[in-house]
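Trainee: The following comprises the amino acid sequence and a computationally predicted model.
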Amino acid sequence: MDSKEVQLLKKALERQKKARKQAERILETKSKELYDVTYHLKQANNKLEGLLNVKTSSFEGAFINIIDPYIVMDLEFNVINMNVSAKEFLGYDHTKEDINLSKLVHKDYINYTAESIKVLMEVGILKNYRSKIVLKDGTEKFVEINSSIIYDKSKKPIAAQGIIRDISQENEIKQLLAEQRKQLDIIVQNSPLGIALTINSKIIKANPAFSLLLGYSNTELKSLEIIDLFKNKQDVTSLEFVRTLKSKETDNFSTINNFSKKNGKSILAKTNISTVRDNRGEVEFQVAIIEDITQQKILELQKEELLKDLENSNQELQEYAHIVSHDLKSPLRSISAITSWIKEDYYEMLDDNGKNNLSLLQDKVESMDKLISGILEYSTANSSDLKNTKVDLNKIVEEIKESIYIPKNVEVIIPKLLPTIKADGTKMYQLFQNIIGNAVVHIDKKNGLVEVIFKETEDFWQFSIKDNGVGIAEKYHKKIFEIFQSVGEKERSTGIGLSIVKKIVDRYDGKVWVDSKIGAGTNFHFTLKKLI
């Protein structure tokens, strides 16, 4: 080996030595770094274990104070621990008996629960799981459960924990609301009124009556706004409707508008708009209810025409009644005059039978005259205009006492001054005269008495005219207020007076009735509404 080769080997050996030393230095550095990492990792692990211990201690305190039922179970669903709320809710105590939660699941929810548990085991958490369970006392409850898997240090699942929330009442409320919505839908769908749901004035849903009323299909209506259905969008009513609808300040309002149907015809309809707002007070949607009043308007016009015709007929009837009264009374007056002449000129020539016949004839003529006058009064009792002024009823009664025949054995008194009321003086005279006159002729007592009394209520005057006469049988208490109805076979009454009383009382929105018994006198009562 020459010197050159020796030199090359020496250089190679030197390089190897240098490389080995460098490698040793690198290895030494890396070893130190690995030691430091291990040391720090151990410290961190010790800190983590300390934290876990702290958390466990805190958890045990929190476990006791959880308000909702809380349960810890093994992976076979056997209860390991539960708080007081869970014991009270389920009715079980894990310290006294073995509990497997899978046994509490209602039979209808077994398959669904199995699928949910599978998800829990795969994912490690189960949120908002809902089921029906059977408590110890047999009560069925709907519950919502949020649960998670518990792992050991090696990340191996060892147990599960969960919080139970009773949602039975919530389910009942939802079911009730669903039933109410169903009922409401039935009402809306079958309502004779047109009902539409709108958002920002645009129709989004309408019931069959709405579609039928305007002739549009539901699909066609969804492309329209309520205001598109107006016959004239520029009239005052339509413009006011649009302004109110878009202002969103009024929750309820009504208008009457002419609507245009699809076939071009128009209807007069009343529109009610109701606004539904959300929890923040913002408009959520509006409900439009349309009621066709075209027929009502026609009926109103017909009613006006009928009232005019009725007024004309009443006027003609009154005129006719006066004419007939005059025409009938003229021959009666002639008959009465001739009867008087015969009685005066031939009285001595007549026998007793002839004289009685003449007296009977005069009585019949007088009765006929009263009947004609009564019919005339009855025909005008509720047809003539009421001239309501202040009427002193004390003066009315005094005038009646002076104008009618009152037997000497009968006294008409006013124990307490009567009021001055607003009414038609003529009608009040007719009213009191017919009752008082009826009373005085039906008194058979030696000392007859008729009392006129009153009492006042908030809205009515109530009057009573009481007598101590023969009385009226109960079966006639209603009959006597009908026209041409009188009591007794020998009665000379026309049977019109009390029917006139009823007509007048009716005109003042009052009532008339009688309290009476045979032999115990009669008490007529009537009320008159106060006029402002």
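Mentor: Sure thing, it's come through.
Trainee: Strands of the stretch 151-300 of the chain, start to end?
Mentor: When secondary structure is read from DSSP state E, counting those that start in this stretch, the stretch 151-300 of the chain shows strands at 157-166, 194-199, 202-206, 252-260, 266-277, 283-292.
Trainee: packing partners for the first one?
Mentor: Going back to what we said before, that points to strand 157-166. In terms of contacts (3 or more C-beta pairs under 8 Å, 6 or more residues apart in numbering; DSSP states H and E), strand 157-166 is packed against strand 70-73, helix 84-90, strand 140-151. (C-beta placed from N, C-alpha, C; glycine too.)
Trainee: Could you do the longest one as well?
Mentor: When contacts are defined as 3+ C-beta pairs under 8 Å, 6+ apart, strand 266-277 sits against helix 208-214, helix 236-247, strand 252-260, strand 283-292, helix 294-346.
Trainee: list the buried ones in the shortest one?
Mentor: Residues of helix 208-214 classed as buried: A209, F210, S211, L213, L214 (neighbour count, 16 or more other C-beta atoms under 10 Å).
Trainee: which of the helices and strands packed on strand 266-277 is buried the deepest?
Mentor: Taking mean count of other C-beta atoms under 10 Å as the contact definition, the stretch among these with the greatest mean neighbour count is helix 208-214, which reaches a mean of 19.
Trainee: contacts for that one?
Mentor: For helix 208-214, the external contacting residues (C-beta atoms under 8 Å, 6 or more residues apart in numbering) are 189, 191-196, 217-218, 221, 229, 259, 261-262, 267, 269, 290, 292.
Trainee: Now that helix - C-alpha only, CSV.
Mentor: Taking only C-alpha atoms (Å, rounded to 0.1, in the frame of the first residue of the first chain), the coordinates of helix 208-214 have been written out as CSV:
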residue,chain,number,x,y,z
PRO,A,208,-115.5,27.6,-0.9
ALA,A,209,-118.1,30.3,0.0
PHE,A,210,-115.6,33.0,-1.0
SER,A,211,-114.9,31.4,-4.3
LEU,A,212,-118.6,30.7,-5.0
LEU,A,213,-119.6,34.3,-4.1
LEU,A,214,-117.2,35.9,-6.6
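Trainee: one step back: now, which of the buried residues of helix 208-214 sits nearest Q234?
Mentor: Distances from the buried residues of helix 208-214 to Q234 were compared by C-beta to C-beta; the smallest belongs to L214, at 19.9 Å.
Trainee: What subset of the contacts of helix 208-214 is buried?
Mentor: Applying the neighbour count, that is 16+ other C-beta under 10 Å, the buried entries in these are L193, G194, I195, A196, L221, L229, F259, I267, A269, I290, D292.
Trainee: How much space separates the closest residue to the second one other than its chain neighbours from R15?
Mentor: With C-beta to C-beta, 6 or more residues apart in numbering as the measure, F210 is the residue that lies nearest to G194, at 3.5 Å, once sequence neighbours are left out. From F210 across to R15, the span is 102 Å (C-beta to C-beta, to the nearest Å).
Trainee: likewise I335?
Mentor: I335 is 174 Å from R15, by C-beta to C-beta.
Trainee: Before we move on, what's the pLDDT of F481?
Mentor: Per-residue confidence at F481 stands at 72 (pLDDT).
Trainee: Now it: closest residue in space, sequence neighbours ignored.
Mentor: With C-beta to C-beta, 6+ apart as the measure, K502 is the residue that lies nearest to F481, at 4.5 Å, once sequence neighbours are left out.
Trainee: got the buried residues for the helix or strand hosting that neighbour?
Mentor: With secondary structure defined by DSSP states H and E, K502 is part of helix 497-507. By 16+ other C-beta under 10 Å, the buried positions in helix 497-507 come out as G497, L498, S499, I500, V501, K502, K503, I504, V505, R507.
Trainee: I'd say the second one and I436 touch.
Mentor: No: counting by C-beta atoms under 8 Å, L498 sits too far from I436 to count as a contact (12.0 Å).
Trainee: The spatially closest residue to L135 that is not a sequence neighbour - how many residues pack around it?
Mentor: The shortest distance from L135 to any residue that is not its chain neighbour, by C-beta to C-beta, 6+ apart, is 5.0 Å, and that residue is G91. Other residues within reach of G91, judged by other C-beta atoms under 10 Å, total 13.
Trainee: Likewise for E402?
Mentor: Number of residues near E402 (other C-beta under 10 Å) recorded here: 8.
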